Every structure is written in structure tokens, then in C-alpha cells.
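K.L.:
dropping the sequence and predicted coords here.
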Amino acid sequence: MSRKPRTGLYCVLKNEGDKMKLLTVRYEPDNNLLEKVCDGKAEKYVRDIVQSASSGMYTVLYTSQEVVINYVRLCILEGLISHEDVEFSFGDKIVFPDKYGHLDWWPTGFCDYNDRLLERLLNGMFNIGDKQ
């Protein structure tokens, strides 16, 4: 029995006076049941979601892709949604962006796979850590 990937997107209308963030992006890097969006279509996918959230829909976006996280940050930078309406969730941690989409704190494992890979590549290219 195979399971179909879940869409990873849930929306609820905002009620007057609610204090919840309009967009919660839940990063689950090891969840292989989440639907993937190809890098070439990720920007439009994220912009459509941000547009819905900024129009008053509480939106929870589940993703296992760093590119989705980075496009949400770009939408903040470009003013498509206020940084005050966005939070990133990873495990039991919540990370809040600033008005430029910058995150002051990156928990270990939160969108750091590419950084760790590049660090290994650069260390190997420059023989950093090799004893001579």
C-alpha cells in the first residue's frame, strides 16, 4: 500500500482580533511524504501561498525544501508579506524573520544541508583540516 504525499498546505480564515501569525512555514526536512515542488516552479508556488496568507488566510505550509523557505524570505524582503505575519517552525523551535527576511538564529538542522555540503566541498578543495 503506497501513501500519496500530502499537499502540505492548510488554510483557515482569520477572525477579527486573532493574534496568530498569518503564515507559519513548518520545515520538516526528513518528511518524505510531503509533496515536492521543483526549483523552477518554487517561486510562483510560494508567491501564490504568500498572496493568500497576506489577504487574511491563516496558512500553514509544510515543506522539506530549503528553496521554499528562501522564497518566503524573499517575499518578505520584497514586501509581499510583513515579517510580523510570518514564522518558521522546526521541531519545537520557532524562528522569526526580520523585515529583510533575515533570520538571526538558525537551529542546527534548519535549512543547513546545503551549507554543510558546501563547507565539506570547500574544505576538501583547500585541504582544510588535513595534516601535512
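P.N.:
Yep, that arrived.
K.L.:
drop to CA atoms for contacts and neighbour counts, all remaining ones
P.N.:
Noted.
K.L.:
what segments of this protein are strands?
P.N.:
Counting by DSSP state E, the chain has strands at residues 9-13, 23-27, 57-63, 86-90, 93-95.
K.L.:
by average pLDDT, which secondary structure element in the protein comes out worst?
P.N.:
strand 9-13 (a mean of 52; mean pLDDT, DSSP states H and E).
K.L.:
ok, Glu119 to Asp112 distance?
P.N.:
In this view, Glu119 and Asp112 are 10 Å apart by CA to CA, to the nearest Å.
K.L.:
I meant Ser55, not that one.
P.N.:
Taking CA to CA, one finds Ser55 at 31 Å from Asp112.
K.L.:
which ones are touching the most centrally placed residue in the chain?
P.N.:
The structure's the chain has its C-alpha centroid closest to Ile69; by CA atoms, centre = their mean the separation is 2.4 Å. By CA atoms under 8 Å, 6 or more residues apart in numbering, the residues touching Ile69 are 25, 27, 111.
K.L.:
got the buried residues for stretch 75-85?
P.N.:
75-77, 81-83, 85 (16 or more other CA atoms under 10 Å).
K.L.:
got it, and stretch 102-118?
P.N.:
Within stretch 102-118, the residues that count as buried by 16+ other CA under 10 Å are 110-111.
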